[in-house]
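Enquirer: mind looking at a prediction? Sequence and model below.
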Amino acid sequence: MGFLHLSPKGSAELHVEAPEEVTEGETADLTCNTTCSLTDPTFIWYKDGRPLTTKTIKNNQLHLQTVSSEDAGSYSCAVRGSQHLRSTAHSLGVRCRSSSAVWFAVGGGSFLLITVLICICRINRKKRRSDKHGDENADPDAQDDTYTGLQPTARSSDDVYHTPAVSVSSQILPLHL
């Protein structure tokens, strides 16, 4: 266990090195430095005056993985056995991710959704127009016998159809189906 010796001024020579600001989603490393010679010290980290127990602390570094707005605050450090001699607090700010990236993601998704809805509406409109025009001249009580009329097995032998005559080689021949 290392002990922190006081400087001639009577204060601990500990200070936190860290960025002033970090963007959400990035990582941040805070370092507790001292000019005192310590043998095998164990560093303790504080956020807003409370000891940190859930963050990754390795040697004299505090590692913040995937920074979020909850990580913003005032950080300080001390050496175990001399916790009353903390470093000066260092304020860490967390910047929100670029709003343009968020708007691009939201806007891109909205554009895709609107495009799909427009396509569906156009397809439905065309289908309704097609159905409307196809049904205007149809007899609602009539059955569709288009294919039945073309199948010879659907007719009885008594059915005779008369059609206009066709002129072939100056000879008029009646057509019987």
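Expert: Perfect, I can see it now.
Enquirer: how near is the closest residue to Asp71 other than its chain neighbours to Ile118?
Expert: Once flanking residues are discounted, Asp71 sits nearest to Leu64: 5.3 Å by CB to CB, 6 or more residues apart in numbering. (Each C-beta comes from the backbone N, C-alpha and C, glycine too.) Between Leu64 and Ile118 the computed distance is 45 Å (CB to CB, to the nearest Å).
Enquirer: out of these two, which sits in the busier spot?
Expert: Ranked by neighbour count (other CB atoms under 10 Å), Leu64 and Ile118 place Leu64 first, with 21 against 10.
Enquirer: surely the more buried one touches Leu30?
Expert: Yes - counting by CB atoms under 8 Å, Leu64 sits close enough to Leu30 to count as a contact (7.3 Å).
Enquirer: Leu112 is in what secondary structure piece?
Expert: Element membership for Leu112, per DSSP states H and E: helix 99-136.
Enquirer: so for that helix, mean pLDDT?
Expert: Model confidence over helix 99-136, given as mean pLDDT, is 72.
Enquirer: can you tell me the SS state at Ser82?
Expert: State at Ser82, reduced to three classes by DSSP: H, G, I helix; E, B strand; the rest coil: coil.
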